[in-house]
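Peer 1: Here is a sequence with its predicted model. Questions after.
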Amino acid sequence: MRRTGAGRRTSLAVVLDPDAAGVLAVVATAVALLALALAGVLAARLARLRRDVEGLAGDRFVRALRETQQDGDELRRDVARLRGDLASARADLSDALRHVAVVRYDAFGDMGGRLSFSAALLDDDGDGLVLTSINGRSETRTYAKGVAAGASGHELSPEEAQAIAYATGAKEQPDADLAVPRRGRPSRR
């Protein structure tokens, strides 16, 4: 009911056609059924979501998380141990005689085949030794000289100096004409 300006009441009445009222009732029923179906689907999804959340919070998830954390901790310990092993291996390797160079030459003018040689065996610091073997017709002599930091306390032959330079990877090589004999006696022919 509605009041008008003079205090009179009027009533609002909607008059529907009986056919229209039936159609409206069917549409309202269809909307209500659709809303119920949608509510059912949402309720099922909510139940599944709750079950999944409970599964995450359950013992399986916590156990898997702890195992993953333990595996990560174990991997960190393994990496730390391997770093120590690698540092130790690098220290051992730096002391190894791993820089090697050989210079072959003819020590005597009357012999061919470059049977004489000087071999440098050095570590990363240039410490080690140089071996020289001088081959003649009737005898062979072998010499060993210590090397420290790429130099020797003994006088070095040009071939020995060249072998050390090759082994250390020196940018400037000693001048040595290895085709000309450096040692020995003149030929007795």
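Peer 2: Cool, the structure landed. All of these numbers come straight from a predicted model, not from anything done at the bench. Numbers count the residues shown, from 1 in each chain.
Peer 1: Now do the biggest helix by length in the chain, average pLDDT.
Peer 2: In the chain, with assignment by DSSP state H, the single longest helix is helix 18-57. Average pLDDT, helix 18-57: 86.
Peer 1: helix or strand right after that helix?
Peer 2: Scanning forward in sequence from helix 18-57 by DSSP states H and E, the next helix or strand is helix 59-94.
Peer 1: That next one: which residues count as buried?
Peer 2: By neighbour count with 16 or more other Cβ atoms under 10 Å, helix 59-94 contains no buried residues. Heads up, the C-betas are built off the backbone N, CA and C, glycines and all.
Peer 1: could you list every residue that touches the spatially most central residue of the chain?
Peer 2: What sits nearest the mean C-alpha location of the chain, by Cα atoms, centre = their mean, is residue 79, with 12.0 Å. Contact analysis of residue 79 by Cβ atoms under 8 Å, 6 or more residues apart in numbering lists nothing.
Peer 1: In this protein, where is pLDDT below threshold?
Peer 2: 1-16, 56-58, 111-112, 171-189 (pLDDT under 70).
Peer 1: Kindly report the domain assignment for it.
Peer 2: Following the assignment in automatic domain parsing, the chain carries domains at 37-93, 99-168.
Peer 1: deepest of these, which one?
Peer 2: domain 99-168 (a mean of 17; mean count of other Cβ atoms under 10 Å).
Peer 1: hmm, back to that, could I get the domains of the chain as JSON lines with distance to residue 18?
Peer 2: Formatted as JSON lines, these follow (distance: least, Cβ to Cβ, whole Å):
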{"stretch": "domain 37-93", "distance to residue 18": "29"}
{"stretch": "domain 99-168", "distance to residue 18": "107"}
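Peer 1: how about the ones you listed, which one is nearest residue 23?
Peer 2: domain 37-93 (21.2 Å; Cβ to Cβ).
Peer 1: just how off-centre is that closest one within its chain?
Peer 2: Distance of domain 37-93 from the chain centroid (Cα atoms, centre = their mean, to the nearest Å) equals 23 Å.
Peer 1: do the same with stretch 150-160
Peer 2: 42 Å.
Peer 1: In PDB, list the C-alpha atoms belonging to it.
Peer 2: The C-alpha trace of stretch 150-160 is given here as PDB (Å, rounded to 0.1, in the frame of the first residue of the first chain):
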ATOM      1  CA  GLY A 150     113.200 -22.300 -13.800                       C
ATOM      2  CA  ALA A 151     116.900 -21.700 -13.100                       C
ATOM      3  CA  SER A 152     119.800 -24.000 -12.000                       C
ATOM      4  CA  GLY A 153     122.700 -23.500  -9.700                       C
ATOM      5  CA  HIS A 154     124.800 -25.300 -12.300                       C
ATOM      6  CA  GLU A 155     125.900 -23.900 -15.600                       C
ATOM      7  CA  LEU A 156     123.300 -25.000 -18.200                       C
ATOM      8  CA  SER A 157     124.100 -25.900 -21.800                       C
ATOM      9  CA  PRO A 158     122.000 -24.100 -24.500                       C
ATOM     10  CA  GLU A 159     120.000 -27.300 -25.000                       C
ATOM     11  CA  GLU A 160     119.300 -27.600 -21.300                       C
END
